[in-house]
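[1] any chance you can model this:
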Amino acid sequence: MLRILAATEGSQFGIQPDRMYPVLMMEPGQYDEDVFAGLDWFLAQLPKFNMTATISLSNYWTWSGGIAQYVSWITDTKIPYPKQWDHLRQIFSGGNYEAFLDYTNHFYADTSIYNTVQRLFKSHIKAVVGRRNTVNGIYYRDDPVIMAWELMNEPQVIAGRNGQDQLFRWIDDSARFIHSLDPHHLITTGAESKNGPEWFKVMHKSRHISLASCHFWPLNWGYYNSTDPTNASIDYSISKMRDFVDDNAHWARDMAIPVVLFEFGMMRDNWGNFSGLAGYDPQAPVTHRNIFYTAVVERITELANDGVFAGAAFWAYAGSARPPSKPTTKIVWTGDPPHEPPGWNSVYNDDEETLNIISMLGQRFCLIKEDI
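    You can find the predicted model right below:
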């Protein structure tokens, strides 16, 4: 199963920093047909490899434009970007994270623009779900290669007394609309599910949500120290991962809903000869990554055998792409979005041991399917 983002948005203020280009939606309701045709072609290839797709319909983060761009369109204001990777200086710089969160959460928390936001978002949903593939003629809503629709990549919780009600309203409203257009495919939220059982329930209690979502990022969440060559940090990360997926399994079981670990990842070894920026080099070893990936595969398949976890997906496959060898403003597409260092979490086509671990996950799930 692959996750595909069918949502990249342009800005009325011209080219924006660290975004994906060309965009699918240049302005509200206006699409680049060449980009849409590329998505058609990609989906048409998946049956050849016995693969399915989860299609995400929006993104909380700005590397694709994201829901902050909807707020920008409606209010005609500029987005206060969070900290991003400076591709020339090769450091994270700038940005005010709290200001970005506050601005972006207007998408589903600001009653003065909510109806307008939803009208634009539902128009985009309709354009994607109702699209007829130009390669094979199959409407997306009828395409068996699509496993699920994902409302948003990583919707964030909303602070304040009414935060849960505001987020649930948006989830339920959006999922209901998708179901009205396509009653056959699964619908998931895209949530990280990192904020405990109460927020997990908020994210997944809509009767139109049929698949729970979680993500796990040990470095981003402060569990993993990429510069520590000992087992201390990686062992701690694995312990936290097991607790996390066990919790999500328990919460999902209580709600009688299957759950997928839609994202997990880890950077390459970042010590010794590969300290600092060298940790992004494709030649850097992946000792800890392979230990971590193996632990994820083992725990997820154990929970799948118990009938709760329905899968897991690593982030991210870069194939034959490689990061630039010197600082440049030209975006080189690996498996990492443009606001992060190229090669940070990428898995390459010659990372054979890592690929074998990933293959083991698929093989184990095939055996589980045969036993059902």
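
[2] okay, CA-based contacts and neighbour counts for the rest of this
    Fine.

[3] what about the strands in the stretch 1-150 of the chain?
    In the stretch 1-150 of the chain, the strands defined using DSSP state E, counting those that start in this stretch lie at 2-5, 25-27, 30-31, 53-56, 84-86, 91-93, 146-150.

[4] contacting residues around the shortest one?
    Around strand 30-31, the neighbours that count as contacts under Cα atoms under 8 Å, 6 or more residues apart in numbering are 24, 25.

[5] adjacent strands (with direction) for that strand?
    Using DSSP bridges, the strands paired with strand 30-31 are strand 25-27 (antiparallel).

[6] mind listing what's buried along the partner strand?
    Neighbour-count burial for strand 25-27, counted by 16 or more other Cα atoms under 10 Å, picks out 25, 27.

[7] can you list phi and psi of the residue most central in space within the chain for me?
    Per Cα atoms, centre = their mean, the C-alpha nearest to the average position across the chain is that of residue 153, at 4.6 Å. Here is the backbone geometry of residue 153 (degrees, to the nearest 10): phi -80, psi 110.

[8] same question for residue 275.
    The phi/psi pair for residue 275 (degrees, to the nearest 10) is phi -80, psi 160.

[9] of the strands of the stretch 1-150 of the chain, which is nearest residue 317?
    When the strands of the stretch 1-150 of the chain are compared by Cα to Cα, strand 2-5 sits nearest residue 317, at 10.0 Å.

[10] who does the closest one touch, helix- and strand-wise?
    Contact analysis of strand 2-5 by 3 or more Cα pairs under 8 Å, 6 or more residues apart in numbering; DSSP states H and E lists strand 53-56 as its packing neighbours.

[11] how far is the strand it packs on from where the chain is centred?
    Using Cα atoms, centre = their mean, to the nearest Å, the mean C-alpha position of strand 53-56 is found 10 Å from that of the whole chain.

[12] adjacent strands (with direction) for it?
    The pairing partners recorded for strand 53-56 under DSSP bridges are strand 2-5 (parallel), strand 146-150 (parallel).

[13] out of these, which gets nearest to residue 114?
    strand 146-150 (19.8 Å).

[14] so where do the helices sit in the stretch 251-372 of the chain?
    Taking DSSP state H, counting those that start in this stretch as the criterion, the stretch 251-372 of the chain carries its helices at 287-305, 352-371.
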